[in-house]
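Quick one: sequence and predicted model below, then my questions.
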Amino acid sequence: MTMKILIFGANSQDGHYLAAACRQRGAEVLGVSRSGDWQQGDVASFDFVESLVRDHRPDLVIHLAACSTTRHEALFENHATIGTGTLNLLEAVKRWTPDCKVFLTGSGLQFVNTGNPISEHDPFDHTSAYAVVRNYSVFLARYFRTLGIRTYVGYLFHHESPLRKPNHVSQMIVQAVRRIAAGSAELITLGDISVQKEWTFAGDVAEGIMTLVGQENVFEAAIGSGVAFSIENWLEACFALTGRDWRGYVRMREGFLPEYPRLVSDPGTINSLGWRPEVVIGDLARMMLDAGGTVHG
């Protein structure tokens, strides 16, 4: 029998790679999004979520939907999508298909960050509305697990792909480097380029998620490379592919305060399940630059 997988937030970069990973495993994928070519719908509507689960009886539900910002101004949207959305799909699964597995997206940003590698066992933070609602969704997962629902949480750290939106610093740099390689005389304005985070390929992260939900002994894991690079490293990787020195094309924004100086995972648990990322930072830079046409030095 063909496995049915329901993905909320299917129009995101993670949704794209997860849908591909599911299809590679022979699954039937039903995607839901508020935009794109997938079925339109809002995970914050219980009637909508319940009707999908009742009608399709999926074997796996994946919840990726979220606002892409952690700003306080996104408080209500994040609460509705992450918090209420999680409650809706867990209750719908409990009512209509309790043998279904559920995957919930977590974030490295919901933990106390001292700069050391973060695992799923570290304490949660409460200094942003985003962290609070992520933590709420995890406690919902743990509660429904006591009711017999196999609910997984993957705490995702920074990851990239050619599908990344241009408002993210990684893609903003990529697009500027591509224009500079084509003859533009522009300068890239950046804040603190010493900030360190992971630069993992979203396709690898999708495989990490599938590894987690493919077993039944571990239900929460940090999914990341465990290797941190600075924004300066990303500049070096991108400009090196054009034969240029990034220092001649970047200016710094004074007074910029980063959200954190370093954010990196401890992926020991997911590694123990057999997953490690394959794409390294230089390959990722080439992949993203080539997505808009081959860049020549």
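All right, it came through fine. Numbers count the residues shown, from 1 in each chain.

residues contacting residue 57?
With contact taken as Cβ atoms under 8 Å, 6 or more residues apart in numbering, residue 57 is in contact with 4, 96, 97, 100. Using the backbone N, CA and C atoms, a C-beta is placed for each residue, glycine as well.

Give me the phi and psi for the third one.
By that I understand residue 97. Main-chain dihedrals, residue 97, degrees, to the nearest 10: phi -150, psi 70.

Name the nearest residue to it, sequence neighbours excluded.
residue 57 (4.8 Å; Cβ to Cβ, 6 or more residues apart in numbering).

distance of the one you found from residue 16?
25 Å (Cβ to Cβ, to the nearest Å).

same check, this time on residue 286
19 Å.

what bridges to residue 106?
Applying DSSP bridges to residue 106 gives these bridge partners: residue 155.

any idea how far it is from residue 283?
Distance from residue 106 to residue 283, by Cβ to Cβ: 26 Å.

of the two, who's got more company?
residue 106 (25 against 12; other Cβ atoms under 10 Å).

That one reaches residue 151, doesn't it?
No. Between residue 106 and residue 151 there is no contact under Cβ atoms under 8 Å: 11.5 Å.

pLDDT score for the residue nearest to residue 97?
Note for residue 57: predicted pLDDT of 97.

Run through the helices of the stretch 101-250 of the chain in chain order.
129-146, 169-181, 202-213, 231-240 (DSSP state H, counting those that start in this stretch).

Please produce JSON lines containing those, extended by distance to residue 26.
As requested, these are exported to JSON lines (distance: least, Cβ to Cβ, whole Å):
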{"stretch": "helix 129-146", "distance to residue 26": "27"}
{"stretch": "helix 169-181", "distance to residue 26": "32"}
{"stretch": "helix 202-213", "distance to residue 26": "12"}
{"stretch": "helix 231-240", "distance to residue 26": "36"}
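
Among those, which comes closest to residue 115?
Judged by Cβ to Cβ, the one of the helices of the stretch 101-250 of the chain that comes nearest to residue 115 is helix 231-240, at 15.8 Å.

how far is that closest one from where the chain is centred?
22 Å (Cα atoms, centre = their mean, to the nearest Å).

From the rest of the structure, what touches it?
Under Cβ under 8 Å, 6+ apart, the answer for helix 231-240 is 169-170, 173-174, 177, 190, 192-195, 199, 245-246, 249-250, 281-282, 284-285, 288-289.

so residue 278 makes contact with residue 204?
Yes. Between residue 278 and residue 204 there is a contact under Cβ under 8 Å: 5.8 Å.

Settle it for me: which of these two has more neighbours?
More crowded of residue 278 and residue 204, by other Cβ under 10 Å: residue 204, with 20 against 11.

re earlier: inside strands: which ones of the contacts of residue 57?
Using DSSP state E, the members of the contacts of residue 57 that fall in strands are residue 4.

Count the neighbours of residue 217 for me.
Neighbour tally, residue 217, other Cβ under 10 Å: 5.

and if you look at residue 148?
Under the criterion other Cβ under 10 Å, the count of neighbours that residue 148 has is 10.

What ranges does the stretch 151-297 of the chain have for its strands?
Using DSSP state E, counting those that start in this stretch, the strands found in the stretch 151-297 of the chain span residues 159-160, 188-190, 196-197, 200-201, 220-223, 229-230, 250-252, 262-263.

now the ones you listed in a markdown table, with distance to residue 273 and mean neighbour count?
A markdown table is the format used below for those (distance: least, Cβ to Cβ, whole Å; neighbours: other Cβ atoms under 10 Å):
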| stretch | distance to residue 273 | mean neighbour count |
| --- | --- | --- |
| strand 159-160 | 18 | 26 |
| strand 188-190 | 37 | 17 |
| strand 196-197 | 23 | 22 |
| strand 200-201 | 16 | 26 |
| strand 220-223 | 7 | 26 |
| strand 229-230 | 24 | 18 |
| strand 250-252 | 40 | 13 |
| strand 262-263 | 22 | 20 |
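
Would you reformat the ones you listed as JSON lines and include mean pLDDT and distance to residue 82?
JSON lines is the format used below for the strands of the stretch 151-297 of the chain (pLDDT from 0 to 100; distance: least, Cβ to Cβ, whole Å):
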{"stretch": "strand 159-160", "mean pLDDT": "96", "distance to residue 82": "18"}
{"stretch": "strand 188-190", "mean pLDDT": "96", "distance to residue 82": "29"}
{"stretch": "strand 196-197", "mean pLDDT": "98", "distance to residue 82": "21"}
{"stretch": "strand 200-201", "mean pLDDT": "98", "distance to residue 82": "21"}
{"stretch": "strand 220-223", "mean pLDDT": "98", "distance to residue 82": "16"}
{"stretch": "strand 229-230", "mean pLDDT": "98", "distance to residue 82": "28"}
{"stretch": "strand 250-252", "mean pLDDT": "95", "distance to residue 82": "34"}
{"stretch": "strand 262-263", "mean pLDDT": "98", "distance to residue 82": "19"}
